[in-house]
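>>> Need the 3D shape of this:
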Amino acid sequence: MNRKVWISLLCLLGVLFSFSLPAAANDVLILCYHDVAEKPGNNIYTVTPAALRSHLDYLKENGYTPISLEEYIAAARGEEKLPAKPVMLTFDDGYQSFYTEVFPVLKEYNYPGMMAIVTSWLDYAPADLGPLLTWQQIREMESSGLITIASHSHAAHRFTIINPQGDRGPLLGNLQYKEGKYESVTDYRQRVVSDFAATQTVLARELGHTAKALVWPFGAYTQLTIEEAFAAGFEACFALNDGVNRPGKQALEEANRIIITNNPSKKRFAQLVNTAGKAPVKAAQLDLDIIYDPDSAAQTEENLNLAIDRLLGSGTNTVYLQAFSDESGSGNIESVYFYTTAAPVRADLFSHAIARLRAEGNFTIYAWLPTLAAQWIIDENPDAAVVAYEAKNLGWYRRATPFSPEVSDRLAAMVTDLVKYSDINGILFQDDVYLNDFEDFSPAAKQVFKAETGLELTPELLKANPELNDRWIKMKTNALTGLTVKLQATAKEYRTNLGSARNIYPILITEPEAEEWLGQNYDQYLETYDYTVIMAYPYLEKEYEDPVGWLEELATAALKNPQNAQKTVFKLQTYDWNKNRWLSADEINRFTKALKKKGAIHIAYYPENVFSE
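Reported below is the predicted structural model:
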């Protein structure tokens, strides 16, 4: 249930710090319930009968129309229009309370519902689950016409070991780690195929038909599981992601569902419905370099404990977790922290850190990932390096060129392994994705320029032709962004619901003409990524006289269009690198308040001071 806990906490944060979301006419809100009992006890997934009634009353009073699975599928395919404010009621795991408590209420309200059952549990269920439905009860409810039965897998609603440290993760969403090695994708696919075939066979035997819907156990899935689900005859798959659903492929393959936890009151339920479970980002960027101790696994664990305690105490809900090693602090990346055959590996630690963070705090995890600063690519092929016409004008990172197909392919291979062996929620692209105005005269860049213009790339040519220079600036910007788009697309070939974020330098916000100096464009970022992460570091910019004023000007420029706030994260510094000191809590609070006063919604902090209060 770890993933569900994580999502439930995000939902709660959405209630406490909600912000409005624009709704479209065809948006479908899907709610996910579990057990119903008078005394929920310590089970955060159980609601009381009274709470359930209050939720249904709220939906009725506010014009929501519950719809069936069949209506949802037809609308997602564009075959049917839905009534105003459609909502779908779903219930997971097949508890006995669905028959005794929920079914009578749904009949009373004449509301359709969907129940997802783990088919193997009806023969043998874990002892701690409590009473479950019987096939006779399931058949009775289905025959009423109100209840649709979905599969929650046959026997995949469980955890498995996923890394050398012995961490456990959802079976369907991860490669297993057994006998000192990771499972092959071929073996993974075979066990997925077997489970889906088994659940459909049982449903056909007991109900006379297979299921149209598959509900992912723990909300965990991959592109492979989606493919095999549809091959097994399922027509829609349901996840545990926040947000509403709009017609299209995604609504069928990974429908968003808002999980109901902590027995919410009618008021809290209303806030949850109105925000669709989305919460403002409060992120911390965490360095694994300070966590990892190559000489002591025990010390690594202790360091990780300290980091988790600090994150829990700060109210953080998102972690930008370092996936690479930068021991020297130069930004030139020599190795990574995840298993891969496409890059040097310092330690297979990344998935372990994710598992610990999820188990303790259920954070959303973005892999903080380098691209062009991958030194192994340049070391093996010096021609792949970014080139300045005069070497003295090279930028502060030693980078590979984004114009090289070889560079792109090698980074894509690395990203493929990242998502295969790490259950992340998104990728934050490091600030090494830039080119200054003296770069790039690499062989690959010259080749692309000539193919585009028919001309040889030289500084003299650019100086003599301002329009051509402007075109070259855009070519560089697009090459950089295009590389990240390719890498994100590569990652989503395996984990489809990945978020995207990219660091941007603040000068691009206040002085858009700086695109020539860095090859970055704020408007393009907003169109391309889920989140644009502005490195809002006043002291790094030497704004000591009036750091708050500088932040206010930055926020004003960034949020000139108020809608930008939904997709912009302001990342504040917590350490002054110029003066080698940690900022005080008062300073950080002043900076945060200044940004929020100007309309900022999402805030991040870097670095994390793990080893002191």
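
>>> What is the burial count for residue 526?
Close neighbours of residue 526, defined as other CB atoms under 10 Å, add up to 18. For every residue, glycine as well, the C-beta is placed using N, CA and C.

>>> what does residue 612 give?
Quick note: residue 612 (other CB under 10 Å) scores 7 neighbours.

>>> What score does the residue lying closest to it once chain neighbours are set aside have for pLDDT?
Nearest residue to residue 612, sequence neighbours excluded (CB to CB, 6 or more residues apart in numbering): residue 582, at 7.5 Å. Looking at residue 582, its pLDDT stands at 96.

>>> Would you enumerate the residues in contact with residue 582?
Residues in contact with residue 582 (CB atoms under 8 Å, 6 or more residues apart in numbering) are 574-576, 609, 612.

>>> now do residue 205
Counting by CB under 8 Å, 6+ apart, residue 205 touches no other residue.

>>> quick one: buried residues of the helix or strand encompassing it?
For residue 205, the host element (DSSP states H and E) is helix 185-207. Of all the residues in helix 185-207, those buried under the rule 16 or more other CB atoms under 10 Å are 188, 191-193, 195-196, 198-200, 202-203, 206.

>>> how about CSV for those residues, with distance to residue 332 and pLDDT added?
Output for the buried residues of helix 185-207, formatted as CSV (distance: CB to CB, whole Å; pLDDT from 0 to 100):
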residue, distance to residue 332, pLDDT
188, 35, 98
191, 41, 98
192, 40, 99
193, 44, 99
195, 45, 99
196, 46, 99
198, 50, 99
199, 50, 99
200, 52, 99
202, 55, 99
203, 55, 99
206, 60, 98
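
>>> who's in contact with the helix or strand containing residue 309?
Per DSSP H and E: residue 309 is located in helix 297-314. For helix 297-314, the external contacting residues (CB under 8 Å, 6+ apart) are 282, 284, 286, 290-293, 319, 349, 353, 356-357, 360-361, 363, 605, 608-611.

>>> avg pLDDT for it?
96.

>>> Show me what counts as buried in whichever helix or strand comes after it.
For helix 297-314, the succeeding helix or strand toward the C-terminus, using DSSP H and E, is strand 318-322. For strand 318-322, the neighbour count (16+ other CB under 10 Å) marks 318-322 as buried.

>>> List the pairing partners of strand 318-322 within its sheet, with orientation.
Strand pairing for strand 318-322, determined by DSSP bridges: strand 282-286 (parallel), strand 364-369 (parallel).

>>> what about the shortest one, distance to the chain center?
So the one you mean is strand 282-286. Centroid displacement of strand 282-286 relative to its chain, using CA atoms, centre = their mean, to the nearest Å, is 14 Å.

>>> about what we covered before: roughly how far is the helix holding residue 205 from the heart of the chain?
On CA atoms, centre = their mean, the centre of helix 185-207 falls 28 Å from that of its chain.

>>> can you check stretch 333-341 too?
Mean-position distance between stretch 333-341 and its chain equals 21 Å (CA atoms, centre = their mean).

>>> What are the contacting residues of it?
By CB under 8 Å, 6+ apart, stretch 333-341 touches 182, 288, 292, 322-327, 343-351, 353, 370, 373-376, 413-414, 417-418, 421-422, 432.

>>> ok, back up a step: tell me which of the strands paired with strand 318-322 sits nearest to residue 458.
Comparing the strands paired with strand 318-322 against residue 458 with CB to CB, the closest turns out to be strand 364-369 (33.8 Å).

>>> that older thread, which of the contacts of residue 582 sit farthest apart?
576 and 612 (15.0 Å).

>>> Can I take it that residue 428 is in a strand?
Yes: assessed by DSSP: H, G, I helix; E, B strand; the rest coil, residue 428 belongs to a strand.

>>> Relative to residue 513, how far out is it?
26 Å (CB to CB, to the nearest Å).

>>> cool, residue 489 as well?
30 Å.

>>> Could you do residue 397 as well?
According to CB to CB, residue 397 stands 22 Å off from residue 513.

>>> For the two, indicate the residue with more neighbours.
Regarding residue 397 and residue 513, a neighbour count based on other CB under 10 Å identifies residue 397 as having more, with 19 against 9.

>>> I'd say that one and residue 374 touch.
No: between residue 397 and residue 374 there is no contact under CB atoms under 8 Å: 10.4 Å.

>>> Mind jotting down where the helices sit in the stretch 51-200 of the chain?
69-76, 97, 103-109, 135-143, 185-207 (DSSP state H, counting those that start in this stretch).

>>> can you give me the strands in the stretch 151-300 of the chain?
159-161, 168-170, 177-178, 181-182, 213-215, 236-238, 258-259, 282-286 (DSSP state E, counting those that start in this stretch).

>>> Residue 388 is nearest to which of those?
Closest among the strands of the stretch 151-300 of the chain, using CB to CB: strand 282-286, at 29.1 Å.

>>> Kindly provide the distance from residue 402 to residue 371.
8 Å.

>>> ditto for residue 84
Using CB to CB, residue 84 is found at 45 Å from residue 371.

>>> which of the two has more neighbours?
residue 371 (26 against 8).

>>> what's the pLDDT at the more buried one?
95.

>>> from what I can see it touches residue 428, true?
No: contact criterion CB under 8 Å: residue 371 and residue 428 do not qualify, at 11.2 Å.

>>> ok, the closest residue to residue 591 other than its chain neighbours - contacts?
Once flanking residues are discounted, residue 591 sits nearest to residue 572: 5.2 Å by CB to CB, 6+ apart. By CB under 8 Å, 6+ apart, residue 572 lies in contact with 536-537, 588, 591-592, 595, 603-606.

>>> quick one: contacts for the residue nearest the centre of the chain?
Nearest residue to the geometric centre of the chain (CA atoms, centre = their mean): residue 425, 2.7 Å. Neighbouring residues of residue 425 by CB under 8 Å, 6+ apart: 364-366, 497-499.

>>> min pLDDT across these, which one?
Ranking the contacts of residue 425 by pLDDT, residue 497 lands last with 92.

>>> Over to it: give its phi and psi.
Main-chain torsions, residue 497, degrees, to the nearest 10: phi -100, psi 30.

>>> how much does the helix or strand where residue 409 lies deviate in direction from strand 364-369?
Using DSSP H and E, residue 409 maps to helix 405-421. Orientation check (axes from the mean of the first three to the mean of the last three CA atoms, to 10 degrees): helix 405-421 against strand 364-369 gives 150 degrees.

>>> what helices or strands is helix 405-421 leaning on?
Judged by 3 or more CB pairs under 8 Å, 6 or more residues apart in numbering; DSSP states H and E, the packing partners of helix 405-421 are strand 364-369, helix 375-380, helix 466-492.

>>> now the second one: mean pLDDT?
Here helix 375-380 scores 98 as its mean pLDDT.

>>> who touches the host helix or strand of residue 353?
Residue 353 belongs to helix 350-361 when assigned by DSSP H and E. Contacts of helix 350-361 with the rest of the structure, by CB under 8 Å, 6+ apart, involve 2-3, 6, 162-165, 167-169, 288, 291, 304, 308, 311-312, 316, 319, 321, 323, 336-339, 363, 365, 367, 418, 421-424.

>>> try 7 Å this time
2, 6, 162-163, 165, 167, 169, 288, 291, 304, 308, 311-312, 319, 321, 323, 337-338, 363, 365, 421-424 (CB atoms under 7 Å, 6 or more residues apart in numbering).

>>> Separate out the buried members of these.
Here, 16+ other CB under 10 Å leaves 2, 6, 162-163, 165, 167, 169, 288, 291, 304, 308, 311, 319, 321, 323, 337-338, 363, 365, 421-424 buried among these.

>>> can you list contacts of the strand or helix carrying residue 590?
If you go by DSSP H and E, residue 590 is part of helix 585-597. Residues from elsewhere that reach helix 585-597, judged by CB under 7 Å, 6+ apart: 547-548, 551-552, 555, 570, 572, 574, 603.
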